[in-house]
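1. make a model of this:
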Amino acid sequence: MIRKVKIKTATADIVLEALDSLSLEEFLRSKHLPPNLFQVYARSAGDSLKPILSNTHIADVPKSVEIIIQCIRNTDLRDVIPQKTFYKKTNDPVAVVSSLNLGGVECTQTVQEINPQQAKDIVKDKISGFLGEYSKAKLIMVGISGGGDSNTLARGLKKFSVDHGLNKFFSFFTLVFDPLWPQSAADRASELCRENDVPHRICGPQEIKQLLNMKDGLDVCYADFCDTFGANTSHFFGTYLISLAARKLCRDAKTDEYILGFNREDILAELLFSLMNGQKPLSFPVRKFAEISLLMPLWEIPKLILDACYPQYSLPNYQERKDETTFQRNIIYYLAHGIEDVYDNLGLSLMHGIRKIFSNDWAKLGYDKDFDLYASVYADEDRKKEVTAFLDRHFNH
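-> This is a model prediction of the structure:
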């Protein structure tokens, strides 16, 4: 059943229709309105007014009672909520991007459909602009996983290399180690690299052991890591190992730049974690590890756009993932995607603002040369000792 509800603001009363199967909170969220911006009232016969809970289902309010949703700020919703929406259609759409036009007579929204080719073009343009501004090396190592994010790098970097003649070369690598990085993911990465005629190196467990000068096999190291730090910390093991391998490959190739496929929500999640814990964030989209730089050319691009480029790579990658991770990581990624859902490009605006604030004052990294380990200045001393003791058990100095 449909029910009329009235939204009252300082500037206007708006009467909207709502499904009575929804709670008032669900109704507000369906209109992209934050429930805590409103107090809900029921006005019955005799003009009696009573506050009611926002989780009240509309069907539970008698039809003889008027539902009033009062904005508790003098906010003109017409300035911030789209009054008109314009749609840009395309053939074979796989994603949409939305943008708001603010500051005019009224807020309007443009919703643009994106097909796979358009998504690839967006990524190519971002990569080209980024490398033109930040990259100096002639050879860059590129880590790819076989999933949607990092595999979009192959075509974008290949195009950049072609456009710049012989000024840029890229060498791709993929690590293989079950259960973190299955062989099937490396096969997908190889397929994409073959299509784009770019060099690709697959490092299995034995190759990783030799590359990183490890004492034991990778399986022994991983089991000890899980026993020491918890089975749900496998993501941190993988992140460290990829960066360690990338820096070693850079040194072997006598270059000082490498690329990983960090996307918008990856960076936003990291920033939120730092700020919520009272810490200065680490630098982005370029991060220095002594003489070697990590480049993040996908940092502005939402994950959904990256996935739209190669869905045949994205879906299998998700299905193969190890699902254990920490509570903190779960919630921080939830919040990063939630911010982008609250208001169009809010996350990107926060990221640009944080870059300005900390441009000359990023968090520092302490360097342990013995283990090629970079620790945040905020790291607990006891935990640092625990980490270095672990590394000493498994890596030769």
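
2. what does the domain assignment say about the protein?
-> The record's domain parsing of the chain by automatic domain parsing lists 2-77, 82-114, 117-394.

3. show me what counts as buried in the second one.
-> For domain 82-114, the neighbour count (16 or more other CB atoms under 10 Å) marks 82, 93-95, 97, 100, 107, 109-110, 112-114 as buried. Where C-beta positions appear, they are placed from N, C-alpha and C, glycine not excepted.

4. ok, back up a step: how about CSV for the domains of the chain, with mean pLDDT added?
-> Formatted as CSV, the domains of the chain follow (pLDDT from 0 to 100):
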stretch, mean pLDDT
domain 2-77, 91
domain 82-114, 90
domain 117-394, 90
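
5. most packed of those?
-> domain 117-394 (a mean of 17; mean count of other CB atoms under 10 Å).

6. endpoint to endpoint, it covers what distance?
-> 45 Å (CA to CA, to the nearest Å).

7. equivalent analysis for stretch 28-35, please.
-> For stretch 28-35, the end-to-end distance is 6 Å (CA to CA).

8. pretty sure F225 is in a helix, no?
-> Yes - assessed by DSSP: H, G, I helix; E, B strand; the rest coil, F225 belongs to a helix.

9. so it is in contact with A231, correct?
-> No - F225 lies out of contact with A231 (CB atoms under 8 Å); the separation is 9.5 Å.

10. overlap in contacts, these two.
-> Here F225 and A231 have no joint contacts, going by CB atoms under 8 Å, 6 or more residues apart in numbering.

11. all strands of the stretch 1-150 of the chain, in order?
-> 2-8, 13-19, 38-44, 48-52, 66-71, 84-88, 95-101, 108-114, 139-143 (DSSP state E, counting those that start in this stretch).

12. mind checking which of those is nearest V176?
-> Nearest to V176, of all those, is strand 139-143, at 12.5 Å by CB to CB.

13. let me know the helix or strand that the nearest residue to S145 once chain neighbours are set aside is in.
-> Leaving aside its sequence neighbours, S145 sits nearest to A185 (CB to CB, 6 or more residues apart in numbering; 5.8 Å). In this structure, A185 sits in helix 183-195 according to DSSP states H and E.

14. for K4, see how far away the residue nearest to F262 when sequence neighbours are not counted is.
-> Once flanking residues are discounted, F262 sits nearest to M296: 4.5 Å by CB to CB, 6+ apart. Distance of M296 to K4, computed by CB to CB, to the nearest Å: 49 Å.

15. now do stretch 255-269: distance from first to last residue.
-> 29 Å.

16. distance from it to the middle of the chain?
-> Centroid displacement of stretch 255-269 relative to its chain, using CA atoms, centre = their mean, to the nearest Å, is 10 Å.
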